[in-house]
Structures are given as structure tokens and as C-alpha cells.
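Visitor: Predicted model follows, preceded by the sequence.
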Amino acid sequence: MTHAVRVALERFADDDARAALLNASTWRDAYPSATDANSAAELLKAEYFGWMAVEWVRINGQELHEDVVAPLKGVRRVRAGNSDEKALWKERALYVQPLRAYYRLPARVPQWVLRSGVQNAHFPAVVAPDAVTTASAPQAPGPFLTVFANKPGVFIDRATRGTHGWDEVTLQYRDAFEETLALDYFEEDAAPEQLRQQLMTLDPRTSDVWRLLTARALEADGDDVFAPITIRPDELARALGLKPHPKGGMRGKDLVHCSRSLHHLERLWLTMPDTRFPDRVTRKRVLAVMERGYTRQIDGQFIPNSWTVVLGEWAKYFPKSYAPIFRSLVELPANSATNLWAKQVGTELTYLVRETADLEGDVRFVSVHALLERASLLNDVNDMRANKNFNRALERLEGTLDLLHDLGVHDGWRYVPDSAALLDRLQGKPEFYDAWLQSVIEIRVPAPLLAATQALVERTSRTR
């Protein structure tokens, strides 16, 4: 790194990303997305000019106080086509993100200043519209993420939704659907009590991170699921739909949370039948961490700037099977019980569609008991009933299904007529609870989900 670049970055070292970049020892640490040293150098060059543009404005521009800026924005009856940024730029004023202040520019400004500032998102796009290229403009993501739908992939998804199903003594996870599989929570040289405390912090965000990692692996190299992928905690936080910090970047607590989820996945070991000796089992890492970027301290904790991971060898022993998961489910904030249920029930509905891909039509059926058990929510419902809060469980499931309709996960739901009639007859009676668990729900699958599922089935058939 040249002296000029270091000086440019040091001036803004209060920004976490810039300060972290100064400590990078290699181009891979500084720019994990770069394919080689040359592309990393181009990224560094672009960043250098971006900060030089900010420095030019700081030296040559005039800082404006809020009381001066407000009149410049004016009063507009229609906002479309009349943004604050456009109104300010008519007065040669703009907001400079790194400086967190408004500046008025002189009449003559070098074009490279405006273009570099816009290309690095330091200046609003209105000051140099042609600098916002198609390549740099963010593309709207598709509605689906492609994830594993084979037995271990779904098994790991369910295991990482929380502590339910985990044995606090053996630190092992099992469920009723995969009797031949188990997950162990293990880290070499870590005391069992320490691991137990870490396991108790497992929450639904870890399953979201698991889906994002597998989606990244499949997006990056198609069916080569063993290709290493590099991901940063801030990338994960953005992909999870978490709110950015008002001053830019992602919030420190969210970066710590995403790093904790990656640590959880690193500690998972899958126990499965040995393909060579049917009466034996073998244990494989769920994923291996190939490399960590430099660490930095956030909220009192040291976290890696990036992780380079690869799926464990277990993946080659099972048939390839993929499912489309709604991106809206992954990005749904885990800030309420209904949202948490929606994430888990919605995920299981998409797995159900994948499992029944050979069926014709857009209607699928599932019992309440099966849906709750698959979504790891049956114990919660039983606890509510034991505490005389059964109505809350009933309302929550139905509210969850309504929310999933609003999110586009299904086109409608109902209790099938026979079940609805039985529930009407048993309302208020002791038998109602068991009848509700055994009742059958009809789900109408949206056409985009059916089409995406069928496309993945065909893709799997071609690669076998």
C-alpha cells in the first residue's frame, strides 16, 4: 500500500471499515471479493480516489450548518423528481457521507472529484448521474434463495433454529424425522461447560445464516458445493435484512451476532451412517473454516473481518436436492413470536413443496401436528396448553399462516371441510385440542414457487 493511499485512509480512520483496512496484511484480507491481486489493486485505486474526492471537498468546500441547509431544500408539493439532494445541488450544496456534514462547493469542481465521490457512495448520485453505472448499481435480488433440501441440509436447518431438540448434557441434537443422523456441538480444547453456555445462545438467526451460506455456495459455483466461499459479517447482516447504522455501515451488535452464528456452525459435527460399514457411524464437520480475515474489536469482542468456509465431506454422501426458499423469510426480522413462527413454518412449507414436487396441481395438504413438529414448534404449543394458553397457540398459528400469505409464501389456506366440521362440533370440549392437532390444512402453492421448484428438480436431474 503506497504512502499516499495510507495517508488518504488514515484521515478517515474513525470509520470502522477504513480503520480495519489499514490493518489488513494481504489483499485477500482487505478485499475478500477480489479474484486476484490486480482486481484488488483496482478496488483499492477506486477507494483511494473516493477518499481523495472527500478530502478535496473538505479543503475547498464550505461547511454548512443545518439552519442554512433547511431553507435550501425548499418546500415541495410533489416529492417525485424533486428530492432534497436535487434541490441542494441546485445551490451547489451536498451531503458528504464520510464527513457527516453538508458542504457548498465552489463554481468550478474537477469532474474526477464528483465522479469518484458518487462511485464510492460518498456523494449523492445527482451530482454526477453518469457515474452511476449499471455495473455499480445494485440489482434487485430475486424472490428466492436456493438451499439444500436433502436430508442433512434440512436436518442442520432445523437444528440451528434454537436450543429445542438439543441435549444439554451430551450436547447432541436429534429429531423424529431423521433417526440415522445426529449433530454434536464440539470444539477442540473447549470445556463442556463452556460449550454448553455457547450452545444456549443458539437462535433462529443461525439457521438463516446456514441458508445464506449454502445459497452463496450454490450461486458461486453451481453444483460444486465444495467451492470455498468468502463472506463478511457485514454482508451477512445486510443479507439478513438488518437495519444499517444511521451513520453508515452495519450496527456493531449485528456484526457480533452474525459472527456468533458462524462460530455455532463451525462447532457442528454431523454423525451419519458409514457408507463402507453399515453397522458403524462416521462424523464429519458441517463446514470447515479455511481462513479468517484479520480480527477487530467490536462491542468488546474480537471478530474476524471475513470467513472463508467450505462445506464438509458429508455433502458428497447424499443425493443432490435443492429447494427455493423465499428471501423475504430470511430477511423477516426475528423481533416477535409471530415472525419467528413465520420463518420456521414458511421454511417448512417450502420444503414440503419440494418433497411433493412430483404431485400435480397447486394444492398441498399437511396436518397441524406435522407442520408444528417439522417447524420445531410442537413443544411450544404443548407448553402453552399446559399453561392454559391454548387459544394463544391457535391464534399464533393462524396468524402465522395469514402473515405467510401476505409475504407471498402461499396463495391461501384453510382447514379441509372434514376437519373444519369436526372442530366446530368439538369447540369448547376437552377433545378439541387433539382434534385440532390432527386436523388437516390445505395450502395453495403460488405459481412462482411451483415453477422455481420444478426448475431445481430439472437441474438436479441434469447433474446426476
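Guide: Noted; the coordinates are in hand.
Visitor: Leaving out sequence neighbours, find the closest residue to the residue nearest in space to the middle of the chain.
Guide: Centroid-nearest residue in the chain: L240, 3.1 Å away (criterion: C-alpha atoms, centre = their mean). Nearest residue to L240, sequence neighbours excluded (C-beta to C-beta, 6 or more residues apart in numbering): D208, at 5.7 Å. Every C-beta, even on glycine, is put in place using the N, C-alpha and C of the backbone.
Visitor: Report the contact partners of that neighbour.
Guide: Neighbour list for D208: L240, S261, V330, A334, K343 [criterion: C-beta atoms under 8 Å, 6 or more residues apart in numbering].
Visitor: of those residues, the lowest pLDDT goes to which?
Guide: Ranked by pLDDT, the contacts of D208 bottom out at A334, which scores 72.
Visitor: Tell me how far it lies from R174.
Guide: As defined by C-beta to C-beta, to the nearest Å, A334 lies at a distance of 24 Å from R174.
Visitor: Repeat that for I303.
Guide: 31 Å.
Visitor: out of the two, which sits in the more crowded spot?
Guide: Taking other C-beta atoms under 10 Å, I303 and R174 do not tie; I303 has more neighbours (22 against 18).
Visitor: Ramachandran angles for that one?
Guide: Main-chain torsions, I303, degrees, to the nearest 10: phi -130, psi 150.
Visitor: That one contacts P233, correct?
Guide: Yes - using C-beta atoms under 8 Å, I303 is in contact with P233, at 6.3 Å.
Visitor: D184 belongs to a helix, doesn't it?
Guide: No - if the criterion is DSSP: H, G, I helix; E, B strand; the rest coil, then D184 is strand and not within a helix.
Visitor: That one - how many residues pack around it?
Guide: Neighbour count of D184, defined by other C-beta under 10 Å: 17.
Visitor: and it, what is it in contact with?
Guide: Counted by C-beta under 8 Å, 6+ apart, D184 has contacts T170, L171, Q172, Y173, L268, W269, T271, R283.
Visitor: make it 6 Å
Guide: By C-beta atoms under 6 Å, 6 or more residues apart in numbering, the residues touching D184 are Q172, W269.
Visitor: so what's it bridging to?
Guide: Bridge pairing for D184 (DSSP bridges) gives the partners Q172, W269.
Visitor: one step back: quick check on the residue nearest to the centre of the chain: phi, psi?
Guide: L240 has phi and psi values of phi -80, psi 0 when expressed as degrees, to the nearest 10.
Visitor: and the residue nearest to R292 when sequence neighbours are not counted, what is it in contact with?
Guide: Distances taken as C-beta to C-beta, 6+ apart place P304 nearest to R292, at 4.0 Å, with adjacent residues excluded. Under the criterion of C-beta under 6 Å, 6+ apart, the neighbours of P304 are R292, G293, T295.
Visitor: how near is P304 to R100?
Guide: Counting by C-beta to C-beta, the gap from P304 to R100 is 28 Å.
Visitor: Can you give me the buried ones in stretch 272-279?
Guide: Buried residues in stretch 272-279, counted by 16 or more other C-beta atoms under 10 Å: M272.
Visitor: average pLDDT across that stretch?
Guide: What stretch 272-279 shows for mean pLDDT is 79.
Visitor: residues in contact with stretch 112-129?
Guide: 49-50, 53-54, 56, 85-86, 89, 94, 97-98, 131-132.
Visitor: farthest-separated two in those residues?
Guide: Maximum pairwise distance in these, criterion C-beta to C-beta, is 24.4 Å, between F49 and K86.
Visitor: okay, these two: which has more neighbours?
Guide: More crowded of F49 and K86, by other C-beta under 10 Å: F49, with 19 against 15.
Visitor: tell me the SS of the more buried one?
Guide: helix.
Visitor: Show the contacting residues for it.
Guide: S116.
Visitor: how about K388, secondary structure?
Guide: Per three-state DSSP, K388 ends up coil.
Visitor: how far away is it from G241?
Guide: According to C-beta to C-beta, K388 and G241 sit 36 Å apart.
Visitor: okay, these two: which has more neighbours?
Guide: Taking other C-beta under 10 Å, K388 and G241 do not tie; G241 has more neighbours (14 against 8).
Visitor: quick one, what contacts the more buried one?
Guide: Per C-beta under 6 Å, 6+ apart, neighbours of G241: E331.
Visitor: can you check T180 too?
Guide: Counting by C-beta under 6 Å, 6+ apart, T180 touches P273.
Visitor: what about it, distance to D279?
Guide: According to C-beta to C-beta, T180 stands 12 Å off from D279.
Visitor: swap in A190?
Guide: Taken as C-beta to C-beta, the span from A190 to D279 is 31 Å.
Visitor: Give me the distance from stretch 346-362 to the chain's centre.
Guide: Relative to its chain's centre, stretch 346-362 lies at 22 Å (C-alpha atoms, centre = their mean, to the nearest Å).
Visitor: With stretch 169-180 instead?
Guide: For stretch 169-180 - counting by C-alpha atoms, centre = their mean - the centre lies 26 Å from the chain centre.
Visitor: name the element E360 belongs to?
Guide: Assessed by DSSP states H and E, E360 sits outside every helix and strand.
Visitor: Torsion angles phi and psi at it?
Guide: Torsion angles, degrees, to the nearest 10, at E360: phi -90, psi 160.
Visitor: how deep is it tucked in, by neighbour count?
Guide: Neighbours of E360 using other C-beta under 10 Å come to 5.
Visitor: gap between it and A447?
Guide: Distance, E360 to A447, by C-beta to C-beta: 14 Å.
Visitor: who's in contact with W166?
Guide: By C-beta under 6 Å, 6+ apart, W166 lies in contact with Y173.
Visitor: Confirm that Y103 sits in a strand.
Guide: Yes - assessed with three-state DSSP, Y103 lies in a strand.
Visitor: beta partners of it?
Guide: Beta-bridge partners, per DSSP bridges, of Y103: E63, L94.
Visitor: just checking, it touches R58?
Guide: No - look at Y103 against R58 with C-beta atoms under 6 Å: they stay out of range, at 7.7 Å.
Visitor: Among these two, which residue is more densely surrounded?
Guide: Neighbours around Y103 and R58, counted as other C-beta under 10 Å, are more numerous at Y103. The numbers are 19 against 15.
Visitor: how close does that one sit to W112?
Guide: Per C-beta to C-beta, Y103 is found 17 Å from W112.
Visitor: And L394, by the same measure?
Guide: According to C-beta to C-beta, L394 stands 64 Å off from W112.
Visitor: So if I had to pick from the two, which one is more boxed in?
Guide: Per other C-beta under 10 Å, whichever of L394 and W112 has more neighbours is L394, with 18 against 14.
Visitor: ok, and the closest non-adjacent residue to that one?
Guide: For L394, ignoring the flanking residues on the chain, the nearest one in space by C-beta to C-beta, 6+ apart is W436 at 6.9 Å.
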